[in-house]
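Colleague: structure, please.
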Amino acid sequence: MTDLKLPQLPDRNPVKLSIAVMPDLHQALIDYAALYATTYGRDEPVAELIPAMLAAFLESDRSFARNRTKR
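Modeller: Predicted coordinates for the structure are as follows:
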C-alpha cells in the first residue's frame, strides 16, 4: 500500500436528527435567526443555523474537549 500524506477522509454523510424543543427555545432560535440576518444580510433557516450553533458550543466547552481526548 502507498504511504500518502493525506489520510483517508472520514465519513462525511450528514446524519439527520429530529428534536422537540419548548416554545420559548423555538422563539429564541427564530429571534437568533432574525438577528443573524440583520447582522450578515443573509437569511438562514433555523434548521441550517442549529448545527453550527451546536458545533460552536461543543468547541467552546473545554471540559468536554479534555474528557473527549481522554477516551
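Colleague: quick one: the strands in the protein?
Modeller: Taking DSSP state E, the chain contains no strands at all.
Colleague: ok, longest helix in it?
Modeller: Of all segments of type helix in the chain, defined using DSSP state H, the longest is helix 23-40.
Colleague: contacts for that one?
Modeller: 21, 42-46, 49-50, 53 (CB atoms under 8 Å, 6 or more residues apart in numbering). To be clear about C-beta, it is placed using only N, CA and C from the backbone, and glycine gets the same treatment.
Colleague: would you list those residues in TSV and tack on pLDDT and distance to Leu35?
Modeller: Listed next are those as TSV, based on pLDDT from 0 to 100; distance: CB to CB, whole Å:
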residue	pLDDT	distance to Leu35
Val21	97	18
Arg42	94	12
Asp43	96	12
Glu44	96	11
Pro45	96	14
Val46	96	12
Leu49	95	11
Ile50	95	15
Met53	95	12
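Colleague: for this structure, which element, helix or strand, carries the lowest mean pLDDT?
Modeller: Using mean pLDDT, DSSP states H and E, the weakest-scoring helix or strand in the chain turns out to be helix 62-70, at a mean of 89.
Colleague: now it: buried residues?
Modeller: Within helix 62-70, not a single residue qualifies as buried, counting by 16 or more other CB atoms under 10 Å.
Colleague: ok, now stretch 21-30?
Modeller: Those would be Leu29, for stretch 21-30 by 16+ other CB under 10 Å.
Colleague: from the chain's centroid, how far away is it?
Modeller: 17 Å (CA atoms, centre = their mean, to the nearest Å).
Colleague: ok, stretch 9-20 next?
Modeller: That offset, for stretch 9-20, works out to 11 Å (CA atoms, centre = their mean).
Colleague: where does the protein dip in pLDDT?
Modeller: Residues of the chain meeting the criterion pLDDT under 70: 1.
Colleague: can you do 90?
Modeller: 1-12, 65-66, 68-71 (pLDDT under 90).
Colleague: so which elements touch the least confident helix or strand of the chain?
Modeller: Judged by 3 or more CB pairs under 8 Å, 6 or more residues apart in numbering; DSSP states H and E, helix 62-70 is in contact with no other helix or strand.
Colleague: that concludes my questions; thank you for your assistance.
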